[in-house]
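Enquirer: Sequence first, then the predicted structure, then my questions.
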Amino acid sequence: MGEILSTNVKKEKAVLVAASFSPDDSSRINEYLDELEFLAETLGLETTRRFTQKLERPEPRSYIGKGKVEEIKEYVRSYKIDLVIFDDDLSPSQLRNLEKIFQCRIYDRSLLILDIFLKRAQTAQAKTQVELARFQYLLPRLTRMWTHLERQRGGTGTRGGAGEKEIETDRRIIRNQISVLKGRLEKINRQGVTQRKSRSKIVRVALVGYTNVGKSTLMSLISKSKVHVEDKLFATVDATVRKVVIDQIPFLLSDTVGFIRKLPHHLIESFKSTLDEVTESDILLHVVDYSHPLFHEQMEVVNQTLSELGAANKPQIVVYNKIDLINPEEGEEFDENDHEYFESKRLMNGSDKNAVYISATNKVNIEKLKNIILENVMREHLKIYPNYLQPNIY
């Protein structure tokens, strides 16, 4: 894959493909494709059409059925489509078969997410982690149509012959890159461990949540500092840490990468060092987009990812954000400042006292959230300093 987008170049055109294998998938497939389209837009692609199909199981050779393959092939040829994007991961053989049939580049969900991370990573650590994950993912999936490694060969004269010889050359390049990146990442991680040890005697709070739920906006509000905020998926890839003081009680607040459905395994593995901000935190601030129709499912994705990271049992404050965007149910009347309404919702959802409904954009219930954070921070603070008397010891 070459560079996807330049400001002076026309956007590449893509079509989206999703298959449903159960009744649950069928009812949610449009929401899943909405998210896939948002991912494509985040990478700078123009989506022109969606294709869906109901199947009992994925087709071994092409993931989707022969009839749907022919339908997509005709559309790709007629409208000069550059990419076909699948909402699930494809096996190496499926990807090769589909590229031969469609004669254009094929993305699966993981590769799309990896390229977004690569585009958005800013720090040396994040860039190295994403490059490593991407190379590990690409290694078994190389095809003759992919020329994205061309720029990494430089002028070394290491070109192989056509076809399979060229692929073998690419594989050697990738294996060498993986080795170099692992060594670089190990060095960066050692430096990170030293930095985190220096902050070990202060309570640490980590913002977690599905991507694009408003974590960075909330980070800016609580820390009173400028943090990059953008209405795009994965606006934050690098961990950001700020020192916050509430009622003379200090703590560290970190904003971490957002989670997402079907987050690539290689990405989780490579990002474990950055996600140490989560695993080594004392309190998790789980931010939820309460206006999203599938917010319960998004919460499950986040909790499952936390479980994979070994952070599921940490104290958690659930922050239901974007209450200004929800529509009341029929017969209900409320405004965003109606505390009684949201208190009743909190009880209905079975949440404990560590749940709060806010609007970060409109600054609704932020003081209540700060009070809940302070209560939890004080509890953890006293574990570190059981004989604590004077707040301003830092």
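Expert: Looks like it came in fine. Residues are numbered from 1 along each chain as shown.

Enquirer: for the protein, which helix is longest?
Expert: For the chain, the longest helix by residue count, based on DSSP state H, is helix 164-197.

Enquirer: Direction included, what does the following helix or strand past that helix pair up with?
Expert: Next in sequence after helix 164-197, counting helices and strands by DSSP states H and E, comes strand 204-209. Counting by DSSP bridges, the strands paired with strand 204-209 are strand 249-255 (parallel), strand 283-289 (parallel).

Enquirer: show me the contacts for Leu16.
Expert: By Cβ atoms under 8 Å, 6 or more residues apart in numbering, the contact set of Leu16 is Leu33, Leu36, Glu37, Ala40, Thr47, Arg49, Arg50, Phe51, Ile85, Asp87. The C-beta positions use only the backbone N, C-alpha and C, and glycine is treated the same way.

Enquirer: if we can go back for a sec, can you point out the buried residues in the longest helix of the chain?
Expert: Of the residues in helix 164-197, 166, 169-171, 173-174, 177-178, 181, 184-185, 188-189, 192 count as buried by neighbour count, 16 or more other Cβ atoms under 10 Å.

Enquirer: from what I can see Ser291 touches Tyr320, true?
Expert: No. Using Cβ atoms under 8 Å, Ser291 makes no contact with Tyr320, being 9.3 Å away.

Enquirer: Okay, His292 and Val319: tell me how far apart.
Expert: Separation of His292 from Val319 (Cβ to Cβ, to the nearest Å): 14 Å.

Enquirer: my bad, Gln304
Expert: For Gln304 relative to Val319 (Cβ to Cβ), the value is 19 Å.

Enquirer: what about these two, which has more around it?
Expert: Val319 (26 against 14; other Cβ atoms under 10 Å).

Enquirer: So what does the more buried one look like in phi/psi?
Expert: phi -110, psi 110 (degrees, to the nearest 10).

Enquirer: where does the stretch 101-250 of the chain have low pLDDT?
Expert: Within the stretch 101-250 of the chain, the set of residues satisfying pLDDT under 70 comprises 143-165, 192-200, 226-239.

Enquirer: again, only this time at 50
Expert: 147-163 (pLDDT under 50).

Enquirer: Ends of stretch 97-117, what's the gap?
Expert: For stretch 97-117, the first-to-last residue distance is 27 Å (Cα to Cα, to the nearest Å).

Enquirer: Am I right that Gln53 is in contact with Glu71?
Expert: No. With contacts defined as Cβ under 8 Å, Gln53 does not count as touching Glu71, sitting 9.3 Å away.
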